[in-house]
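Participant: Okay, sequence plus prediction incoming.
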Amino acid sequence: MKLHSVFLREGCILPGHLDPLRESFGRNWMLVNEITASVFDTMIRQAGWHFIWLSGSCSRRGFGRTREEAIDRALVRALGAVNKQCNAAEFDSVHVAKYPGFSVAKVTVQRHRIQQNTMLDIADKGHPQADPAK
């Protein structure tokens, strides 16, 4: 798993001609293979769509016998914390501590939304929208 990997929520709609290779990851998520977030952003924008970065990240810890197992568990938990309005996420950072017999990983993912129009059409209860009348 590489930093800045892109995850798409199952059912995420992409521009018609964009069909990257994906593999299942955790519950309700797909890992986009071999494409970093910056490259994926360019691909989405070239198709006339938008790869919107939403404020607020999700961080979780995971434990495992190996470094990789701890990272995978933390990543699954972090993706599980991404609210339903977000249909994409980016693997942003990882910190791993090794102890005798196990490892602990802390993973952070950034929330994204892929959509065709520019207007953010979701009401994110945890992140109030700016009032356009002000």
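Facilitator: Perfect, thanks for sending it. Residues are numbered from 1 along each chain as shown.
Participant: Following the chain past the helix or strand hosting Gly62, name the next helix or strand.
Facilitator: Under the criterion of DSSP states H and E, Gly62 resides in strand 50-64. Read in the C-terminal direction, the helix or strand following strand 50-64 is helix 67-80, with elements assigned using DSSP H and E.
Participant: Low-confidence ranges, this protein, go.
Facilitator: Where the chain drops to pLDDT under 70, the residues are 120-134.
Participant: Relative to Phe7, how far out is the residue nearest the centre of the chain?
Facilitator: By Cα atoms, centre = their mean, the mean C-alpha position of the chain lies nearest to Ala89, the distance being 1.3 Å. Per Cβ to Cβ, to the nearest Å, Ala89 is found 5 Å from Phe7. Glycine gets a C-beta too; all of them are placed from N, C-alpha and C.
Participant: shared neighbours, those two?
Facilitator: 29, 79, 109 (Cβ atoms under 8 Å, 6 or more residues apart in numbering).
Participant: Go through the residues you listed and name the one nearest Glu23.
Facilitator: Proximity of the shared contacts of Ala89 and Phe7 to Glu23, judged by Cβ to Cβ, is greatest for Trp29, which lies at 10.0 Å.
Participant: Can you name the residues bridging to the closest one?
Facilitator: Applying DSSP bridges to Trp29 yields these beta-bridge partners: Arg9, Phe25.
Participant: Does it touch Gly11 like I think?
Facilitator: No - counting by Cβ atoms under 8 Å, no contact exists between Trp29 and Gly11, whose distance comes to 10.7 Å.
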